[in-house]
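[1] model the structure of this input:
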Amino acid sequence: MNWKSVWNIVILWFGVAVLVLAAAGEWSVVLFATTYGLGFGGICYVLRKRVRTLLIDLHFQNYAGVLIITVLVTVGEEIYCYVLGNRIAHPVLWVDLVMVTTLWSVWFGTWYFLLSKWYRFREEEALLTAGCTGILYEFVGTGTVLENPGGILLVAPLAVVVYAAIFVLPLQLLDFSGKEAGHSKYAVGVFLPFFLTIPVAVGLYVIFSILGI
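    As a prediction, the model looks like this:
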């Protein structure tokens, strides 16, 4: 598969979605998606080899390193999203940070412990696969898919690009040692992290409910 062409289609679709959202006055969404998804994500991707060398020098190639990167990525992305006035997972910022950091630890951990050991992914494959999981987190996990499926079809590439941008840094900590390279890896890579976060999300909901949060 020509992954460069696939990514070109995603970016083109992203551009169309941004124009529609801009016309609708959704400027905070447009600003976040373009500056974080294309800006931050693009810079991290261009500098990925230097970043990987730095992380190796810092001995981050273990799950402790993954957790540190998870916290840094989560805090940065969620605060930036919040400051721009976009909706986050929970209206209280500190609760949102706890929730998202915990869930993304499962997401990144699934790649670190399972997917990288089972499958062989090229970088562009891994980024697109991880980005597609963002569609599940943003629209299926929140129930939005039932409210406006047509709208989700339009803005899906925003989730893909933003979540791929989030995944660029953790990706530098992965060494793909698996031998399986069949097409099933894409479905597993998209859905497995999402399904594994469901019981964790339910547990967090119960804990926060007990605490009255």
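[2] which strand or helix spans the residue positioned nearest the centre of the chain?
    In the chain, the residue lying closest to the centroid (Cα atoms, centre = their mean) is residue 163, at 2.7 Å. In this assignment (DSSP states H and E), residue 163 forms part of helix 149-171.
[3] that helix packs against which elements?
    Using 3 or more Cβ pairs under 8 Å, 6 or more residues apart in numbering; DSSP states H and E, the elements in contact with helix 149-171 are helix 3-23, helix 41-46, helix 48-57, helix 63-83, helix 123-135. (Glycine included, C-beta is placed from N, CA and C.)
[4] try 10 Å
    Packing partners of helix 149-171 (3 or more Cβ pairs under 10 Å, 6 or more residues apart in numbering; DSSP states H and E): helix 3-23, helix 27-32, helix 41-46, helix 48-57, helix 63-83, helix 93-110, helix 123-135, helix 144-147.
[5] out of these, which is the most enclosed?
    helix 123-135 (a mean of 22; mean count of other Cβ atoms under 10 Å).
[6] and the angle from it to helix 93-110?
    Comparing the axes of helix 123-135 and helix 93-110 via axes from the mean of the first three to the mean of the last three Cα atoms, to 10 degrees yields an angle of 140 degrees.
[7] distance of residue 88 relative to residue 73?
    Separation of residue 88 from residue 73 (Cβ to Cβ, to the nearest Å): 14 Å.
[8] actually, residue 209.
    Counting by Cβ to Cβ - residue 209 and residue 73 are separated by 27 Å.
[9] returning to what we had before: which residues are in contact with the residue nearest to the centre of the chain?
    Contacts for residue 163 (Cβ atoms under 10 Å, 6 or more residues apart in numbering) come out as 37, 41, 77, 104, 107, 127-128, 130-138.
[10] distance from the chain centre to stretch 99-115, please.
    10 Å (Cα atoms, centre = their mean, to the nearest Å).
[11] same check, this time on stretch 159-171
    5 Å.
[12] what's the mean pLDDT across it?
    Per-residue pLDDT values over stretch 159-171 give a mean of 95.
[13] and stretch 114-122, by the same measure?
    Rounded mean pLDDT across stretch 114-122 is 95.
[14] from the contact counts, what lies against the top helix by length along the chain?
    Longest helix in the chain, counting residues (DSSP state H): helix 184-210. Helix 184-210 sits against helix 93-110, helix 116-118, helix 123-135, with contacts defined as 3+ Cβ pairs under 10 Å, 6+ apart.
[15] who wins for proximity to residue 183 among the ones you listed?
    Among these, the nearest to residue 183 by Cβ to Cβ is helix 123-135 (10.7 Å).
[16] sketch out the low-pLDDT regions of this structure for me.
    Applying pLDDT under 70 to the chain flags residues 1, 141-149.
[17] apart from its neighbours in sequence, what residue is nearest residue 174?
    residue 116 (4.6 Å; Cβ to Cβ, 6 or more residues apart in numbering).
[18] for the one you found, give me its contacts.
    Contacts of residue 116 (Cβ under 10 Å, 6+ apart): 110, 126, 171, 173, 174, 175, 176, 177, 178.
[19] recalculate using a threshold of 7 Å.
    174, 175, 176, 177, 178 (Cβ atoms under 7 Å, 6 or more residues apart in numbering).
[20] now do residue 160
    Contacts of residue 160 by Cβ under 7 Å, 6+ apart are 10, 131, 132, 134, 135.
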